[in-house]
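> Based on what follows, work out the 3D shape:
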Amino acid sequence: METKDYLTNYYERYDEEGRLISKHTREEHITTMKYIEKYLKPNMRALEIGAATSRYSHALAQKGY
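Numbers count the residues shown, from 1 in each chain. The predicted structure follows:
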């Protein structure tokens, strides 16, 4: 199986969005956003590589990045 197929199969079966919004992993999202925002300045752009659910991209877009 090629790497691309493996990753596609993995993310089709895995609920990454559900993992990130569960009460047990919300802290991960909050902490990651704090570190990302520490380095972003007004009017900067953000590029999320390997976004999967694009959770961070959407959160940053809502904040104007």
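> Every contact and neighbour count from this point should use C-alpha atoms.
Fine.
> Where does pLDDT dip in the chain?
Low-confidence segments of the chain (pLDDT under 70): 1, 51.
> again, only this time at 90
Residues of the chain that meet the criterion pLDDT under 90 lie in 1-30, 32, 42-43, 45-58, 65.
> And the helices in it?
For the chain, the helices defined by DSSP state H occupy 3-13, 16-21, 26-39, 55-62.
> nearest to residue 46, of the ones you listed?
Within these, the stretch nearest residue 46 is helix 55-62; the backing value is 7.5 Å (C-alpha to C-alpha).
> Can you name every helix or strand that the closest one contacts?
Taking 3 or more C-alpha pairs under 8 Å, 6 or more residues apart in numbering; DSSP states H and E as contact, there are no helices or strands that helix 55-62 lies on.
> next one: stretch 6-20 to chain centre, how far?
12 Å (C-alpha atoms, centre = their mean, to the nearest Å).
> What residues of it count as buried?
residue 20 (16 or more other C-alpha atoms under 10 Å).
> Now tabulate the helices of the chain in JSON lines and tack on distance to residue 49.
Shown next, in JSON lines, are these (distance: least, C-alpha to C-alpha, whole Å):
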{"stretch": "helix 3-13", "distance to residue 49": "14"}
{"stretch": "helix 16-21", "distance to residue 49": "15"}
{"stretch": "helix 26-39", "distance to residue 49": "13"}
{"stretch": "helix 55-62", "distance to residue 49": "10"}
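> who wins for proximity to residue 47 among those?
The closest of these to residue 47 is helix 55-62. By C-alpha to C-alpha, the value is 7.4 Å.
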